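Undergrad: Quick one, what's the 3D model for this:
(chains A, B and C)
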Amino acid sequence: MDQLFDVSLFASTLRMITPILLAALGGALCARVGLFNVGLEGLILIGAFSAIVGNHLTGSVWLAVLFAIVCVLVFSLLLAYMAIHLKANVIVVGISLNFLALGLTTFSLRAIFNVKGAYYDKSMVGLPKWDIPLIKDIPWVGDVVSGHSPLVYLSIALVACLQYYLFKTVSGFRLLAAGQNPVAARSLGIKVTHIQYGAVLMCGVLCGLAGAQLSLGQVTMFTEGMTAGRGFIALVATMLGQSNPLGVAGASLLFGFMDALSTRLQGYALPVHFTMMLPYVVTIIAMFFFKDKSYLAEARKANESSR
Amino acid sequence: MLLQMNKITKSYGALKANSEVDFSLRKGEIHALVGENGAGKTTLMRILYGMETPTSGSIVVNGKQVAFHSPSDAINSKIGMVHQHFMLFPTFTISENIVIGREPAKTARFDRKQAALITEQLGTSYGMPVDPWKKVEDCSLGLQQRVEILKVLHQGAEIIILDEPTAVLTPLEVKELLIAIKRLAAQGKSFILISHKLQEIMDVADRITVLRDGKLSGMVNAADTSIEELSRMMVGRELLDLHKEAPARGEKVLEAVQLTIKGEHGKPKLDQVSLSVHAGEIVGIAGISGNGQSELLQAISGLAPVDSGKALLRGRDVTGKSVRSIREQGLAHIPEDRYQWGVAKDATVLENGLMGHARRYQRGGVLRGAAIRQLVSGWVEHFGIKTGSIHTKAQYLSGGNLQKLIVARELAQETPFLIAAEPTRGVDIGAMEIIHGELLKRRADGGAILLVSSELTEILKLSDRVLVMNEGRIVGELPGLTATEEEISLLMAGG
Amino acid sequence: MDKLKGILRALLQPLLAIVVGLGAGAIAIAIVGGSVTETYAEMWKGAFGSFYFFTNTLSRATPIMLIGLGVALAFRAGFFNMGSEGQMVLGALSAAVTAIYLPGPAWFKLVAALLAGVIAGGLWSAFAGWLDARFRMNLLITTLLLNYIASLFAGYVVSYPLMDRSGSAAMAQTVMVDKSVWLPKLFQGMSLHAGFLFALIGAIALAWFMRYMVKGYEIRMMGGNPLFASYGGVNRGRLMLYSMFVSGGFAGLAGAGEVLGTQYRYLDGALTSPGYAWSGIMATLLAGSNPLGTALAAILLAALQTGGMGVERNTDVPLEVSSIIQAVLILFISAKFTYSFFKKKKKAGA
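TA: Next up, the predicted model:
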């Protein structure tokens, strides 16, 4: 057991959760304004791919991250436009967006790099690993906490920022209001649609970062469909965390740990299939403890008087 | 003159919701706006509050002509509105609800302490104290209304529109509200009070404007008029006096024995309710909405589980049975909220009409299309339901026509027992007369009807016996023929 | 009049979407420097160019149709069943195991294998339905997660206990199903098998069921407004389990059909990598959950995919251009462009 739960397990937990956490924070913002964003998976995938493209084109890892953010923003704008402006069913749009992301990245992989399945270039540089002064010298803690990509630290900082933003600032207060009772918010002159657009676009930025961490932070390559359901797990983390940044972080931590553990367990006698199942099984068990009561409310919303 | 609305017209296609309506308001005045449902009161006020733009006509505030495109424009001109359905955020505190839109802030930080202070000062200065840190979802409806008014005052409103402010209040809360309004008016605020409760209006208003069918029916000083004159102005004709014959009371059809549904915090939603309904009688349940009526109906019809007690329909215990088996035992149900329970908006008139009838109009699990079309077309004709065709989606029908469809559907179940919950809420007078007529006809034919309504006039007009509910219990029973509004109101308040 | 308008409206939307999708594809082709007309000509040839290609397209459409029908039923009932992949995989595995290990005459094995596929897919799907009805666990998410679990489980079964160790290649697959238990081919030498007939019959039966049967009516009303349905006496929990079972049963049948008609064994990844399940969901979205429309949309998507292979064979344009067309199609449909277009016109007319 000592070998199983060693330092590198916790360090890799921290690495693994970053994409999930970033996307889940984005999902939480969307959920707070009343949009159930099923398109997280696709947005991360686009982020991961465009980060590699950006890196390939510019040679700079920072410009690559920026490029990923811009690309994902375009697609989240599309989602926002359809769901908010055209009033299309947000779940259907989210699912379609996932299809579009998969199709586009696969096509572009062929069109740009002329490879199938995966792209890897030895000369490509990934995100740097930052050593935190002082902390890195503390035994154990230093090994776990120090030496990660900047995005890992950024994601932790973002949890605190979002928590503060939502519950302490005026703007965050209005965002919560717009989500809780849009009709009332509108009657007070709060621009609900602007807030919704803002939340979806911010979610896009976060998913762009999540993708960049996935393709430039953990490894330095892109494979077709490399998100492997992380977007959906982020969605569950959003739900489990009740769309509270701190809660979302807690839920993400659980899945990240399971993810890291499942990779680790592969070294043991268990068949790889069962270890890979672990995060999904744990997710379902975790959902058991979060009862979704929204169906009544949804039904009410769908049928409420239009006059 | 503080406010002047001149020749306001608002048309939706061919329909004129307002036609050349004039309205004015002085400083410190309470001006009541009365009229039947659909007379155009709410439309006129939505125009004043910037939620609708008038087709023609002008609005002058403080001598300046204005054009409002959104509620914020109206708010900036010091006009505030308290909506019939409160515009509050249930999980926020009272002070958050009051300052929203103009929050006190230190740079970007929302200063909640300052907000609480503002709220406290506001409450004291207008004589309406509140606890700033209490969550709105934990407040009574009367307190929520106080929050709404304080919010409007905090926005700096000089003109305050109150849309049916007393509809959901207990008589005691109504009294408090009217006193508060008078005090504020004395402090120089001006009120527009929308209501159809004439007694309250006579008590509090200075002037009264009456609307009928979207047109101005008259404007009078409260001191120079009477309730009788106002009713005539509202309706425009003598209402048909539905002739109610003495009940030919038959055997017991429905019996509820100590029905109880537990609620949160140990306070039951439905507390040992016992009642019976006989063939050939209408039993009316009066009460302010939210006092257990919905739970009672859900318990009887099988939509909510019962914690203790039982319901007997035609002598058979139906407690805890499925909705379908209870319906088969002889229950039909006009639901209280037609959009929530009564229809699927995206389905056609035909499909909505079929609900509950599907089992009878089938052969081997296959629907009998022709017979069903004939059935529903029959209702459309008999009830005068205005619809493009029976293949039109339900969402394109007006509220009244949709309600007529639901009533027709449930009457056609031809069950011995019928629940009629708020059967005429939000429908026009014509539809109301048709629906009332049909209910009385069913009674004459020996049907047993349980009527739930928050409109006392409706209860008094139809019921043979009146039961009054308060806080989940039945607190009194009165004979329908001799009961008065005052008696019922008193019981409704729990006294 | 109403009906005619309705049909026109129903047709206009997909047609417009196809035009837009092909337009987007043309842009993608132009970007990679291909000739648009030549590429589309190759695509047409690859999908419908000869009887062989045509039946090949139909054969690819078969699982997509079946899955699409199942999803359409669930969508109509108001449930976002995203679990077709897992349901199909388990159906395929059960069918393969039954066909290989069940004793008895060949026809019996065939019927039992098909049934086993339906039941396995149905139960897996109904399990998600039960979690939702009983514990209010969001169905969209659970079905998605159950996909991974089902695929990994099936992968384990064919990698360890039931792995084919007869051949030289150590592939994660079962041994081959006996030839007598295969689903017959519809035409000599073509890949199209009897599963296509199941799909056709299924489409017509489902369309008829939804339109004319009491249960179909109840399912539609439940999808429209669950409270209305329960108020009218529909038992939501039970109907949900039924419709989820049938929904998953279609996916299970799709898997069984592929095993017994094309693969003749369960080969790990053979059903998941062509993305049948997701194409099925796309077909449903394209057709707005209309069963007959779903069948047509499934053939259209299959044609795009087989056509894409033709493009890949004969031009320099990558076959992924079809995924772009598909994705744009679906996004366009979901935005209800034409719908809002209609609404605007109506308002202007009033």
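
Undergrad: hey, C-alpha coordinates of stretch C:192-206 in CSV?
TA: In CSV, the C-alpha atoms belonging to stretch C:192-206 read as follows (Å, rounded to 0.1, in the frame of the first residue of the first chain):
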residue,chain,number,x,y,z
LEU,C,192,-26.2,-6.3,-46.8
HIS,C,193,-27.8,-8.7,-44.3
ALA,C,194,-31.2,-9.5,-42.9
GLY,C,195,-30.7,-7.0,-40.1
PHE,C,196,-31.6,-4.3,-42.5
LEU,C,197,-35.1,-5.8,-42.7
PHE,C,198,-35.4,-5.6,-38.9
ALA,C,199,-34.5,-1.9,-39.1
LEU,C,200,-37.0,-1.2,-41.8
ILE,C,201,-39.8,-3.1,-40.1
GLY,C,202,-38.7,-1.4,-36.8
ALA,C,203,-39.0,2.0,-38.3
ILE,C,204,-42.5,1.4,-39.7
ALA,C,205,-43.7,-0.3,-36.5
LEU,C,206,-42.4,2.4,-34.3
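
Undergrad: That one vs chain B: in contact?
TA: No: Stretch C:192-206 stays clear of chain B (CB under 8 Å from any CB of the partner chain), getting no nearer than 12.8 Å. C-betas here are computed from N, CA, C, even on glycine.

Undergrad: Show me the helices in chain C, by range?
TA: C:2-31, C:36-48, C:51-76, C:84-101, C:106-135, C:139-159, C:195-212, C:214-224, C:226-231, C:236-258, C:276-286, C:291-314, C:321-334, C:337-349 (DSSP state H).

Undergrad: Quick one: list the elements packing against the third one.
TA: So the one you mean is helix C:51-76. helix C:36-48, helix C:84-101, helix C:195-212, helix C:214-224, helix C:236-258, helix C:276-286, helix C:291-314 (3 or more CB pairs under 8 Å, 6 or more residues apart in numbering or on different chains; DSSP states H and E).

Undergrad: pLDDT (mean, whole number) over the first one?
TA: Think helix C:36-48. Model confidence over helix C:36-48, given as mean pLDDT, is 92.

Undergrad: Tell me which of the helices and strands packed on helix C:51-76 sits nearest to residue B:155.
TA: helix C:214-224 (40.0 Å; CB to CB).

Undergrad: Now residue C:187. Nearest residue, chain neighbours left out?
TA: residue C:55 (6.1 Å; CB to CB, 6 or more residues apart in numbering or on different chains).

Undergrad: Share the number of residues neighbouring that neighbour, please.
TA: 19 (other CB atoms under 10 Å in any protein chain shown).

Undergrad: just checking, it touches residue C:193?
TA: No: contact criterion CB atoms under 8 Å: residue C:55 and residue C:193 do not qualify, at 9.8 Å.

Undergrad: Between the two, which contacts overlap?
TA: Common neighbours of residue C:55 and residue C:193 are listed as residue C:186 (criterion: CB atoms under 8 Å, 6 or more residues apart in numbering or on different chains).

Undergrad: Flag every residue of chain B that's near chain A.
TA: Near chain A, when you scan chain B using CB under 8 Å from any CB, you find B:51, B:70-72, B:75, B:81, B:83, B:87-92, B:96, B:100-101, B:103, B:105, B:108-110, B:339-340, B:343-345, B:395, B:398-399.

Undergrad: Apply 6 Å and report the result again.
TA: B:71-72, B:87, B:89, B:100-101, B:103, B:105, B:108-110, B:339-340, B:345 (CB under 6 Å from any CB of the partner chain).

Undergrad: ok so, going back, thought the residue nearest to residue C:187 was touching residue C:189?
TA: No: in terms of CB atoms under 6 Å, residue C:55 does not count as a neighbour of residue C:189; the distance is 9.5 Å.

Undergrad: Nearest spatial neighbour of whatever residue of chain A ends up closest to chain B, chain-adjacent residues omitted?
TA: Using CB to the nearest CB, the closest approach of chain A to chain B is made by residue A:189 at 3.1 Å. Nearest residue to residue A:189, sequence neighbours excluded (CB to CB, 6+ apart): residue B:72, at 3.1 Å.

Undergrad: Which helix or strand contains that neighbour?
TA: Residue B:72 belongs to helix B:71-76 when assigned by DSSP states H and E.

Undergrad: Okay, buried residues for that helix please.
TA: Residues of helix B:71-76 classed as buried under the neighbour-count rule (16 or more other CB atoms under 10 Å in any protein chain shown) are B:71-72, B:74-75.

Undergrad: One more: stretch A:92-111?
TA: A:92-111.

Undergrad: same thing with stretch B:177-197?
TA: Those would be B:177-178, B:180-181, B:184-185, B:189-197, for stretch B:177-197 by 16+ other CB under 10 Å.

Undergrad: With stretch B:324-332 instead?
TA: B:324, B:326-327, B:329-332.

Undergrad: any low-confidence regions in the stretch 151-300 of chain C?
TA: Within the stretch 151-300 of chain C, the ranges that satisfy pLDDT under 70 run C:167-169.
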